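In: predicted model follows, preceded by the sequence.
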Amino acid sequence: MHRMKSNWEPSVERRGFLLVIVMVVIVMASLTCYQFADRMTTERQVVNVYKMESQAQQAAESAIDYMMAMLTDPEMDLSTLPTLPAEDYAWQIILPGSPDAESPNDLMAVVLSRQSTVQYGELTFGVASEAGKINLNALAELDVSLEDQRNMLMSLPEMTETLADTILDFIDKDATPRDFGTESDDGEMIIRNAPLTSLDELLVIPEITPSLIYGEDNNRNGLLDSSEDDGELREPYDDADGVLTLGWADYLTLWSRETNLRADGTPKINLNSDDLTQLEADLVVEFGDELAAFVAAYRQNGPKKQSSTGSDGSGSGTGSSGTGSGSGSMNSQPAPQSGSGRSRGGGSTNQQQTTPAPDPAAPTSQLDSLLPDWNLTKLFTVQAMQSSPSSQNGGGASSAGSSTGSSSNSGQYKLQSPYELIGAIVEDDGDDLISPWQVGDLTFLAQMEEALTITEGETRDGRIDMNYATYESLAGLPEVSDALIDEILSGTGSWVSPAELLQNGQIDVAGVVQLEPFLTAQSRTYRFIAAGFWKTGGPVVRIEVVLDVAGAAPVILQHRNLTATGPGYLPEELSGGFVGE
């Protein structure tokens, strides 16, 4: 019997198939691990950058604390701030928590002055006074005419009468529109009628743009960067003229303050005090009986109003003021001819316009040379305190500038300036009292400025510091010539008081009285940029600070982080403040 052949044969084994699967799994697992490791590495780098940025920010904050301590040090002469070397504004930070904590490291902090950087065209270390600018909040409430308020802003770039009045209406407390302004909420903007907390709040006014406020300096470093000089290639757009165009922020501020105390921290004597008995007693102790009696009579009656020839007081009189209108000239010399040079932010002076010192034998003030019908009440409006019913219903003084000699008007008149007492005359019970302070002998000025004030409180806001002023901040002052502006700018950094203009013969008593509400030389509000950075590279943190040290304790008025606008400077530029760098 034959066995039949079968066509079936055993299948061939597929050896190595599982190995391929295992290799695929290993590759995928390796890729997953690599991806995870790469992500962890990236996360580690991010955390490290975040750590470095946090440390840089703490370094910048430490620089702010150091400046607060430095500016409030009783032994610190604040007038030397502009002359301190760069290394006084640069520190190497010591990192705690490691065995090498005391060894040098790469974390550093510096303090920069953007204002000086703009002025010199290169990175500059230090601080700048904020009071060289026009205080917008104070201007809106300043006790001068609305026209004078508007004129203070008219020297700013691209400013118009409409914008100036609209800005002031936006801030002031009343609801009465100015000549070119508005107090109406028309849907496009809501009138604030309150002080600003940031210049950015002006952007709600339709005609105001960021470029008007900040100019071309988009990153706020005070330098013209390539991105700020490329026309319309990149935003923000610029004019590509190779010059850094500044904005209003370089001429306007919301904070400027000075101390209203004596050098030893005790209160000054307020000439406008409501308590005339105590005022007179304080003046007797400080200055003697004669001046005390004169001030008491002056407060009761105001400056003597002389009768004007041929009119009711408006006067057609002649005199050195020329028209007899009564507003005193801000210069004791004739106004300069047209075409005189203007200094924009610098201290250049036209030597041909410098006012010479007065001849000792000649009148040193218009108060010495005007005709008898001239009187101080024509220079300014004395404010009435309205302390008695008779003065309110017309039974008392007929005007703020009139004199009744009645004791019922005790304390009716307020002084606009302590300088107002120089050369003044007051009528008391039919007798003329002449001020013991005369322009022929100004040796009393230092004591007067140290001891007297016209406002209450520890501080006084809003006045422009002559030591840091710019042409734009001075040009809007009432009745100020270019020659006087150049004189002020040429003395930048050396002024002690506006009265020096009187002592040097640049202005007369009428002029210093008119300037007193606007000018000072003792501001105590500063702006600077605190920067923390790593010398070897990495994040740069910049914080813009406005610091007020006029009061009993320092106050940070603005703390603005500029880091989002970019580093602003290279680490090697910032490290230039360190000795040996």
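Out: Nice, thanks for sending it over. Residues are numbered from 1 along each chain as shown.
In: how about the strands in the stretch 151-300 of the chain?
Out: 252-253, 257-259, 269-270 (DSSP state E, counting those that start in this stretch).
In: quick one: mean pLDDT for the last one?
Out: It stands for strand 269-270. Mean per-residue pLDDT for strand 269-270: 96.
In: next one: the second one
Out: Across strand 257-259, the average pLDDT comes to 92.
In: SS state for residue 433?
Out: Of the three states, residue 433 takes strand under DSSP: H, G, I helix; E, B strand; the rest coil.
In: can you pull the pLDDT of it?
Out: 91.
In: now do the helices in the stretch 351-500 of the chain.
Out: For the stretch 351-500 of the chain, the helices defined by DSSP state H, counting those that start in this stretch cover 366-369, 389-392, 445-451, 471-474, 482-490, 499-503.
In: of these, which approaches residue 208 most closely?
Out: Nearest of the helices of the stretch 351-500 of the chain to residue 208, taken as C-beta to C-beta: helix 471-474 at 17.2 Å. C-betas here are computed from N, CA, C, even on glycine.
In: which other helices and strands does that closest one contact?
Out: helix 482-490 (3 or more C-beta pairs under 8 Å, 6 or more residues apart in numbering; DSSP states H and E).
In: CA-only coordinates of the helix it packs on in PDB, if you can.
Out: C-alpha atoms of helix 482-490 as PDB (Å, rounded to 0.1, in the frame of the first residue of the first chain):
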ATOM      1  CA  ASP A 482      15.200 136.300  27.200                       C
ATOM      2  CA  ALA A 483      18.100 138.100  28.900                       C
ATOM      3  CA  LEU A 484      16.800 137.200  32.300                       C
ATOM      4  CA  ILE A 485      16.200 133.600  31.300                       C
ATOM      5  CA  ASP A 486      19.700 133.300  30.000                       C
ATOM      6  CA  GLU A 487      20.900 134.800  33.300                       C
ATOM      7  CA  ILE A 488      19.100 132.100  35.300                       C
ATOM      8  CA  LEU A 489      20.300 129.300  33.000                       C
ATOM      9  CA  SER A 490      23.900 130.500  33.200                       C
END
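In: thinking again about what came up before, which among the helices of the stretch 351-500 of the chain is found nearest to residue 177?
Out: Per C-beta to C-beta, nearest to residue 177 of the helices of the stretch 351-500 of the chain: helix 471-474, 25.8 Å.
In: before we move on, back to that, possible to save the strands of the stretch 151-300 of the chain as JSON lines with mean neighbour count and distance to residue 207?
Out: Shown next, in JSON lines, are those (neighbours: other C-beta atoms under 10 Å; distance: least, C-beta to C-beta, whole Å):
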{"stretch": "strand 252-253", "mean neighbour count": "24", "distance to residue 207": "16"}
{"stretch": "strand 257-259", "mean neighbour count": "21", "distance to residue 207": "30"}
{"stretch": "strand 269-270", "mean neighbour count": "18", "distance to residue 207": "42"}
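In: distance to residue 183 for those strands - can I get that in CSV?
Out: Converted to CSV, the strands of the stretch 151-300 of the chain look like this (distance: least, C-beta to C-beta, whole Å):
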stretch, distance to residue 183
strand 252-253, 21
strand 257-259, 28
strand 269-270, 34
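In: ok, which of these comes nearest residue 240?
Out: It's strand 252-253; of those, that one is closest to residue 240 (C-beta to C-beta) at 25.9 Å.
In: parallel or antiparallel, list what pairs with the closest one.
Out: Taking DSSP bridges as the criterion, strand 252-253 sits next to strand 134-135 (parallel) in its sheet.
In: which other residues reach the strand it pairs with?
Out: With contact meaning C-beta atoms under 8 Å, 6 or more residues apart in numbering, strand 134-135 is reached by 152-153, 251-256, 461-464, 473, 476.
In: swap in 6 Å and give it another go.
Out: Here strand 134-135 makes contact (C-beta atoms under 6 Å, 6 or more residues apart in numbering) with 152, 252, 253, 256, 462, 473.
In: what's the closest of those to residue 57?
Out: residue 253 (25.3 Å).
In: separation between the closest one and residue 88?
Out: 25 Å (C-beta to C-beta, to the nearest Å).
In: could you do residue 437 as well?
Out: According to C-beta to C-beta, residue 437 and residue 88 sit 42 Å apart.
In: these two - which one has more neighbours?
Out: Remark: of residue 437 and residue 88, residue 437 carries more neighbours, 23 against 15, as counted by other C-beta atoms under 10 Å.
In: pLDDT value on that one, please?
Out: 96.
In: picking that back up, out of the contacts of strand 134-135, who's nearest residue 142?
Out: residue 462 (6.7 Å).
In: contacting residues around that closest one?
Out: Contacts of residue 462 (C-beta under 6 Å, 6+ apart): 135, 138.
In: could you do residue 473 as well?
Out: 133, 134, 251, 464.
In: any weak-confidence spans in the chain?
Out: 1-15, 95-104, 186-188, 306-411, 577-581 (pLDDT under 70).
In: my guess is residue 220 meets residue 562, correct?
Out: Yes: with contact defined as C-beta atoms under 6 Å, residue 220 reaches residue 562; the gap is 5.4 Å.
In: kindly report the domain assignment for this structure.
Out: 59-128+523-577, 134-240, 262-457+478-520 (automatic domain parsing).
In: can you lay out the ones you listed as TSV showing distance to residue 36?
Out: Listed next are the domains of the chain as TSV, based on distance: least, C-beta to C-beta, whole Å:
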stretch	distance to residue 36
domain 59-128+523-577	26
domain 134-240	38
domain 262-457+478-520	59
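In: out of the ones you listed, which gets nearest to residue 45?
Out: Closest to residue 45 of these is domain 59-128+523-577 (C-beta to C-beta; 11.3 Å).
In: got the buried residues for stretch 268-285?
Out: Neighbour counts over stretch 268-285 (16 or more other C-beta atoms under 10 Å) mark 268, 269, 270, 271, 272, 273, 279, 280, 282, 283 as buried.
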